[in-house]
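Engineer: take this sequence and fold it.
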Amino acid sequence: MDKTMTMKDAIASFVHDGDTVSLEGFTHLIPTAAGHEIIRQGRRNLTVVRMTADIVVDQLLAGGCVTKLVSSFVGNSSAGSLGELRRRIEHADPEPLAFEEYSHYGMICRYLAGAQRLPFHPLRSYAGSDLPSVNPGIRKVTSPYPGPDGQPEQIYVVPPVNPDVTIVHAQRADRSGNTQVWGLTGVQAEAVYAARKAVVVVEEIVEDEVVRSDPNRTVIPSHAVHAVVACPRGAHPSFAQGYYDRDNAFYRTWSHISKDPARLREWMAEWVYGTRDHAEYVAKQGEEFWAGLAVGEAMSLPVNYGRRL
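Structural biologist: Sure, this is the predicted structure:
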């Protein structure tokens, strides 16, 4: 089945006002272009689930799209702060943001529980933490099995998360949605399986034979995918392993942009609302800019999967 769609059509079809939307990609392959299209289409009252709430979340907040954030990290990826997010949490300016915080592993466990349709997922790492005191979703249950001392053990658990839609970015997919990722794989697969619908945005759509020649790179299979969007350079300013580098200069600049509400509005007007789609955003940067983010080859060795003679 051909599941390819334009970004505009995919967002219109699968992201609705009031939805819980997961945007995943850890350090690289961040679905920034999808976030921009959500802003352009004026979605409202979204709950955004993202382990590492970073620039794309700050921009979605500036676009007035988000009323609740579920995350385990908030910041501008070692380059500074997120001005819009801080204003909303610290001063309810221009309006408050509901914030539900977990640890990284707590978020992974929520995705695992959601993907497996479990009522909760146990973990030990909240012992001694302050997080349970500020997040009532982190609870304790009594293990049905004896602990080391022979007595039932109290253990922390987190609830499942089942987004209405998960959006991830990846290097490539075929037209039916078999999606291949290399480099940092993050929790893209778990987030997709936890969701009711899934949109995969890729650097390129390839023929079936390309995917079949290296099946172990298929992190997300087609049966879990509802739409495939080709969007080259759609993870900028993050990077796509093997396609382009991280735009470190932009990360450093973003803290200054988002710190100033007027400057932030100007940036949004020029680069999000002022571009019809991501292709125009890319073209506006210019080829010289993209040449500066080009990467050289670092080819992996071929693998012999074997075949019948």
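
Engineer: phi, psi for residue 83 please.
Structural biologist: For residue 83, the backbone dihedrals are phi -60, psi -50 (criterion: degrees, to the nearest 10).

Engineer: residues near it, how many?
Structural biologist: 22 (other C-beta atoms under 10 Å). For the C-beta atoms, the positions are set from N, CA and C on the backbone; glycine is no exception.

Engineer: can you check the one 10 residues further on too?
Structural biologist: The burial count assigned to residue 93 is 12, neighbours taken as other C-beta under 10 Å.

Engineer: what of residue 306?
Structural biologist: 6.

Engineer: which SSE is it in?
Structural biologist: Here residue 306 sits in a region with no helix or strand, counting by DSSP states H and E.

Engineer: distance check, it against residue 208.
Structural biologist: Per C-beta to C-beta, to the nearest Å, residue 306 is found 20 Å from residue 208.

Engineer: repeat for residue 62
Structural biologist: 40 Å.

Engineer: neighbour count winner among the two?
Structural biologist: With neighbours defined as other C-beta under 10 Å, residue 62 and residue 208 compare such that residue 62 has more, 24 against 11.

Engineer: run a quick check on the more buried one versus residue 258, I expect a contact.
Structural biologist: Yes - with contact defined as C-beta atoms under 8 Å, residue 62 reaches residue 258; the gap is 7.5 Å.

Engineer: overlap in contacts of the two?
Structural biologist: Common contacts of residue 62 and residue 258 (C-beta atoms under 8 Å, 6 or more residues apart in numbering): 84, 264.

Engineer: for the protein, which segments count as strands?
Structural biologist: Ranges of strands within the chain are 20-24, 46-49, 52-53, 66-71, 73-74, 98-101, 121-123, 139-146, 152-158, 165-173, 179-180, 197-205, 218-220, 227-230, based on DSSP state E.

Engineer: columns mean pLDDT and distance to residue 8 on top of the ones you listed, output as TSV?
Structural biologist: As requested, the strands of the chain are exported to TSV (pLDDT from 0 to 100; distance: least, C-beta to C-beta, whole Å):
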stretch	mean pLDDT	distance to residue 8
strand 20-24	98	16
strand 46-49	98	17
strand 52-53	94	25
strand 66-71	98	20
strand 73-74	92	29
strand 98-101	97	29
strand 121-123	96	36
strand 139-146	94	41
strand 152-158	94	35
strand 165-173	98	14
strand 179-180	98	20
strand 197-205	98	12
strand 218-220	98	22
strand 227-230	98	9
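
Engineer: so in the chain, where's the weakest helix or strand by average pLDDT?
Structural biologist: strand 73-74 (a mean of 92; mean pLDDT, DSSP states H and E).

Engineer: which outside residues touch that strand?
Structural biologist: Under C-beta under 8 Å, 6+ apart, the answer for strand 73-74 is 51, 52, 53, 54, 82, 85, 104.

Engineer: which one of those residues is nearest residue 221?
Structural biologist: residue 51 (22.0 Å; C-beta to C-beta).

Engineer: and the closest one, what does it touch?
Structural biologist: Contacts of residue 51 (C-beta under 8 Å, 6+ apart): 24, 26, 71, 72, 73, 104, 107, 108, 186, 187.

Engineer: what about the closest residue to the first one other than its chain neighbours, how many neighbours?
Structural biologist: Same thing as residue 24. Closest residue to residue 24 apart from its sequence neighbours, by C-beta to C-beta, 6 or more residues apart in numbering: residue 191 at 4.3 Å. Residue 191 has 29 neighbouring residues, counting by other C-beta under 10 Å.
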